[in-house]
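*Asks:* Sequence below, structure please.
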Amino acid sequence: MIVINCRKLDNQTIVISKVFCMLYKYDATTEKCPLPLVKMRVILKKMQQGDSCLLQISDKSSIKDIPKFLTKKGYQFTPQFLNDDVLQLLIKSHL
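*Replies:* I've put the predicted structure just below:
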């Protein structure tokens, strides 16, 4: 998502600020623990303020360990089960 804050003065548009937000998507439904955790940590290190990560996991160990890890590290996330086997997490970057 790109948000640009502009102001129009005397028929000229002046850009005040630009905000670029990245949404990382990672489908780890075919991967087994610890690979989803390792790859997610790499994505989290790349994320900047305002970025989000949409992660899908199905491995039972990952479903247990990843939310625990995110809570311990202070990340805000929203869990949602897409079906009985797949957990989707929307993870927000640290402020």
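*Asks:* Am I right that residue 26 is in a strand?
*Replies:* Yes: the assignment for residue 26 is a strand, going by DSSP: H, G, I helix; E, B strand; the rest coil.
*Asks:* correct me, but residue 36 touches residue 59?
*Replies:* Yes: if you go by C-beta atoms under 8 Å, residue 36 and residue 59 touch, sitting 6.5 Å apart. For glycine as for every other residue, the C-beta is placed from the backbone atoms N, C-alpha and C.
*Asks:* what touches both of the two?
*Replies:* Overlap of the contact sets of residue 36 and residue 59 (by C-beta atoms under 8 Å, 6 or more residues apart in numbering) consists of residue 28.
*Asks:* out of those two, which sits in the busier spot?
*Replies:* Shown here are residue 36 and residue 59; by other C-beta atoms under 10 Å, residue 36 has more neighbours (25 against 21).
*Asks:* The nearest residue to that one once chain neighbours are set aside pairs with what?
*Replies:* Excluding its sequence neighbours, the residue lying closest to residue 36 (C-beta to C-beta, 6 or more residues apart in numbering) is residue 28, at 3.8 Å. Beta bridges link residue 28 to residue 57, judged by DSSP bridges.
*Asks:* could you list every residue that touches residue 28?
*Replies:* 35, 36, 39, 40, 55, 56, 57, 58, 59, 62.
*Asks:* nearest to residue 76, of the residues you listed?
*Replies:* Nearest to residue 76, judged by C-beta to C-beta, of those is residue 55 at 13.4 Å.
*Asks:* The closest one - that's part of a strand, no?
*Replies:* Yes: using three-state DSSP, the assignment for residue 55 is a strand.
*Asks:* What count of nearby residues applies to it?
*Replies:* Counted with other C-beta under 10 Å, residue 55 comes out at 26.
*Asks:* Okay then, goodbye and thanks.
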